[in-house]
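[1] Give me a 3D structure for the following:
(one chain, ligands or ions: 1)
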Amino acid sequence: MKKKLKAIASYVTALGAGMIVVSSCVTDPDSSGLEYMPDMYRSPAVEPYVDYGHIQGKEVEKYKTQQSALRPPHRTIPYRGTDSLEVAMMLPYHRKASKAANVTHGLYEAEGWTLSDSVDTEYKKAKTDKNPIQLTAENVDAVLDRGEKIYASKCQHCHGENGEGKGPMVESGAYAGVPNYKNLTDLGDGQVFYSIYYGKGAMGAHSMILNKKEIWTLVHYVNQFRFDDYGDFSEDSEATSDEMGAEGIEEESTEEEGAEQESTEQE
Ligand code: HEC
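    Model prediction:
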């Protein structure tokens with residue numbers, strides 16, 4: 001009796017195994033065969049921007065026509081990573097826009113902009129703001145390369161490839177009043193940042209298309225038009241540490257210090 005049961009059990013097992021093997025065989029070489037747990041072969045797609053309207057194999061018509069990614073809550077900012085310099089760059093800019101920025105640059109308080117109660121005090125105060133990205137012999141090429149890329153896509157059409165204020169927009173006669181960076185040696189780094197961030201005169205604000213890190217990178221890039229030898233770390237360079245932003249190049253200040261410096265400025 002026991003023997004018979006054992007025999008039946010092994011028959012059933014063999015048959016079952018055989019069925020599994022046979023049923024898994026399909027002619028299409030790209031097919032995974034019979035899927036016992038389809039979700040493990042194909043995880044249900046979560047498509048942030050394109051929604052095909054499929055939920056667990058069922059088609060849901062109404063999802064096909066709407067974007068599934070939700071807008072982040074108003075006034076939230078990205079905050080990720082552990083590098084304190086990077087993180088500090090994500091925090092809001094501590095300087096308020098000019099009192100007139102609503103009229104001149106469309107920065108309305110109702111849309112979340114904070115305007116100061118003066119037209120230019122914040123801009124004047126920005127003169128001494130330091131660039132948290134310190135230029136060193138090691139990072140200078142990377143920073144200026146990155147700056148060049150952003151400049152080419154967002155600034156060059158007005159300011160020109162060499163920064164003399166003769167970009168294609170100006171050459172075409174469509175636009176005027178773009179300064180030559182060479183004549184802007186009196187501006188502090190923080191003012192360059194401020195003007196790119198909130199705009200100035202006929203130049204629009206760029207804070208909605210560039211983040212703070214990108215703007216501070218541009219400040220370095222613009223500086224190499226403003227000052228001869230800026231970013232030249234070779235021995236015979238005449239550039240002074242003052243022109244290189246931050247605390248100067250002699251001080252072996254680390255990135256962390258740079259970030260701390262910015263967070264204290266925000267208080
Ligand atoms: C639509 C044309 C235009 C674009 C695009 C533009 N600018 Fe300007 N920029 C101007 C004009 C015009 C001025 C002069 C503003 C004034 O002083 O009234 C100016 C002024 C400046 C100044 C001097 C600010 C100051 O405080 O005096 C800097 C620095 C500057 N731009 C950098 C940039 C950078 C970097 C970009 C790219 C992110 C950029 N600009 C994009 C037209 C433009």
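[2] which residues does the closest residue in space to Gly199 that isn't next to it in sequence contact?
    Spatial nearest neighbour of Gly199, chain neighbours left out: Ala205 (3.8 Å); criterion: CB to CB, 6 or more residues apart in numbering. In short, each C-beta sits where N, CA and C put it, glycine included. Ala205 makes contacts with 101, 105-107, 197-199, as judged by CB atoms under 8 Å, 6 or more residues apart in numbering.
[3] In helices, which of those appear?
    101, 105, 197-198 (DSSP state H).
[4] For Leu115, give me the backbone phi and psi.
    Here is the backbone geometry of Leu115 (degrees, to the nearest 10): phi -100, psi 150.
[5] mind listing what it touches?
    By CB under 8 Å, 6+ apart, the neighbours of Leu115 are 96-99, 101-102, 107, 109.
[6] coming back round to it: distance check, the residue nearest to Gly199 against Gly106.
    In this view, Ala205 and Gly106 are 8 Å apart by CB to CB, to the nearest Å.
[7] One more: Val119?
    Taking CB to CB, one finds Val119 at 16 Å from Gly106.
[8] Break this protein down into its domains, please.
    2-64, 84-265 (automatic domain parsing).
[9] for the record, mean pLDDT for the shortest one?
    Same thing as domain 2-64. Taken as a whole, domain 2-64 has a mean pLDDT of 73.
[10] Of the contacts of Leu115, keep whichever come out buried.
    96-99, 101-102, 107 (16 or more other CB atoms under 10 Å).
[11] Thr114: which of those is nearest?
    Ranked by distance to Thr114 (CB to CB), the buried ones among the contacts of Leu115 are led by Lys96 at 4.9 Å.
[12] so the closest one makes contact with Val119?
    No - using CB atoms under 8 Å, Lys96 is not in contact with Val119; the gap is 11.4 Å.
[13] pLDDT wise, what is the most centrally placed residue in the chain at?
    Taking CA atoms, centre = their mean, the centroid of the chain lies closest to Asn211, which sits 5.7 Å from it. The per-residue pLDDT reported for Asn211 equals 92.
[14] which ones are touching it?
    So Asn211 contacts 89-90 (CB under 8 Å, 6+ apart).
[15] gap between it and the ligand?
    Using CB to the nearest ligand atom, to the nearest Å, we find Asn211 at a distance of 12 Å from the ligand.
[16] ditto for Val119
    Between Val119 and the ligand the distance is 13 Å, computed by CB to the nearest ligand atom.
[17] phi, psi of the residue of the chain at minimum distance from the ligand?
    Closest approach between the chain and the ligand, counting by CB to the nearest ligand atom: Gly201, at 2.0 Å. Backbone torsions for Gly201, taken as degrees, to the nearest 10, come to phi 50, psi -130.
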